[in-house]
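[1] fold the following and give me the result.
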Amino acid sequence: MRRLFPVTDQTVSAADREWTPDELAEAYAYPANTAGGHWLRANMVSTLDGAAQHDGRSAPISSAADMRIFGTLRGLADAVVVGAETVRLERYRPARARDAFAEGRAAAGQAPAPVIAVVSASLGLDFSLPLFTEPLVRTLVLTGAAASPERIRAAEKAGAEVVIAGDGPGVDPARAVGALAERGLVRLLTEGGPRLLGQFVAAGVLDELCLTVSPTLTSGYAQRIAGGPALALPERFALASLLEEDGFLFGRYCRV
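    Modelled structure (predicted):
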């Protein structure tokens, strides 16, 4: 791993070796102070030709370094916000506690592992999965006020906490972020999928994008990292840092 931007002593000293968990945690630390009282970052991977997945999953375009950063971002977050389709496709399991982050999480007043917060309008989820029945920290399900009472009861019976974050059938992105912040979950991470990220972008609530550019080509018709209606004007983000390992680029982009 080497740092390409900004150029620091670490650019040379940390080159050509695997970074320690502490070094990665420092590189991806959340801002100490935020205007809104919370910070929502996204972590996504894209091929050179813009695909966010291959054969329905992100693993084929990822790498060992990408997975270390994936683990670091989870290790720093209060909550991981994820769409229902991604839960199904990626076979989501509960977040686990990791020794490398235990001391830092305890010092920050965080639970041993991040909360998984699943966004689902229909609640068409398999509530018998370990994500709902065996989490280290209780799983949240964010849905709209029009959600089926029967499905809400099924989620609660499995052990999940249902949070109403929208007046209609869907979830309002700003209300979802606010509802999590009200529960003390202010360091937020979303891992997609593309439709959920597109909703966060359209609502103007995304503060940071951690983007892995995979040195691969897939062709085909895979989704981009964000989908949905286009913004009236492109929103500008600024490059905060750029790392590289084995041809993979790991960028952090923050809202201007």
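[2] what sits closest to residue 29 if chain neighbours are left out?
    Distances taken as CB to CB, 6 or more residues apart in numbering put residue 76 closest to residue 29, at 7.0 Å, once the chain neighbours are dropped. For the C-beta atoms, the positions are set from N, CA and C on the backbone; glycine is no exception.
[3] show me the contacts for that neighbour.
    25, 28, 29, 30, 101, 104, 187, 189 (CB atoms under 8 Å, 6 or more residues apart in numbering).
[4] same thing with residue 176?
    81, 117, 119, 142, 163, 165, 166.
[5] packing partners for the helix or strand containing the fourth one?
    Taking DSSP states H and E as the definition, residue 142 sits inside strand 140-143. Packed against strand 140-143 by the contact rule (3 or more CB pairs under 8 Å, 6 or more residues apart in numbering; DSSP states H and E) you find strand 115-119, strand 161-164, helix 173-182.
[6] buried sites along the longest one?
    In other words, helix 173-182. Residues of helix 173-182 classed as buried: 173, 175, 176, 177, 179, 180, 181 (neighbour count, 16 or more other CB atoms under 10 Å).
[7] and if you look at the second one?
    By neighbour count, with 16+ other CB under 10 Å as the criterion, the buried positions of strand 161-164 are 162, 163.
[8] equivalent analysis for stretch 116-128, please.
    So stretch 116-128, judged by 16+ other CB under 10 Å, has buried residues 116, 117, 118, 119, 120, 121, 123, 125, 127.
[9] OK, contacts around the second one?
    I take that to be residue 117. 79, 80, 81, 82, 139, 140, 141, 142, 163, 176, 180, 185 are the contacts of residue 117 under CB under 8 Å, 6+ apart.
[10] is the fifth one in contact with residue 116, as I believe?
    Yes: the pair residue 139 and residue 116 passes the contact test of CB atoms under 8 Å, sitting 5.0 Å apart.
[11] could you find the closest non-adjacent residue to residue 71?
    Using CB to CB, 6+ apart, the nearest residue to residue 71 is residue 98, at 6.8 Å.
[12] beta-bridge partners for the most centrally placed residue in the chain, please?
    Centroid-nearest residue in the chain: residue 190, 2.3 Å away (criterion: CA atoms, centre = their mean). When bridges are called by DSSP bridges, residue 190 pairs up with residue 42, residue 81.
[13] still on that earlier bit, mind checking pLDDT for the residue nearest to residue 71?
    You'll see residue 98 listed with a pLDDT of 94.
[14] list the contacts of the closest residue to residue 148 other than its chain neighbours.
    Among residues not flanking residue 148 along the chain, residue 123 sits closest, at 6.3 Å (CB to CB, 6+ apart). Contact analysis of residue 123 by CB under 8 Å, 6+ apart lists 141, 143, 147, 148, 151, 152, 154, 155.
[15] now do residue 193
    52, 82, 83, 85, 86, 89, 223.
[16] 7 Å instead?
    Neighbour list for residue 193: 83, 85, 86 [criterion: CB atoms under 7 Å, 6 or more residues apart in numbering].
[17] ok, now how distant is the nearest residue to the first one once chain neighbours are set aside from residue 100?
    In space, and not counting its chain neighbours, residue 83 is closest to residue 196: 3.7 Å by CB to CB, 6+ apart. Plainly put, residue 196 is 28 Å away from residue 100 if you go by CB to CB, to the nearest Å.
[18] which one's more surrounded, those two?
    Between residue 196 and residue 100, residue 196 has the larger neighbour count (other CB atoms under 10 Å), namely 26 against 14.
[19] may I have the secondary structure class of the more buried one?
    helix (DSSP: H, G, I helix; E, B strand; the rest coil).
[20] pLDDT value on it, please?
    On the pLDDT scale, residue 196 gets 96.
[21] so what's it up against?
    83, 119, 190.
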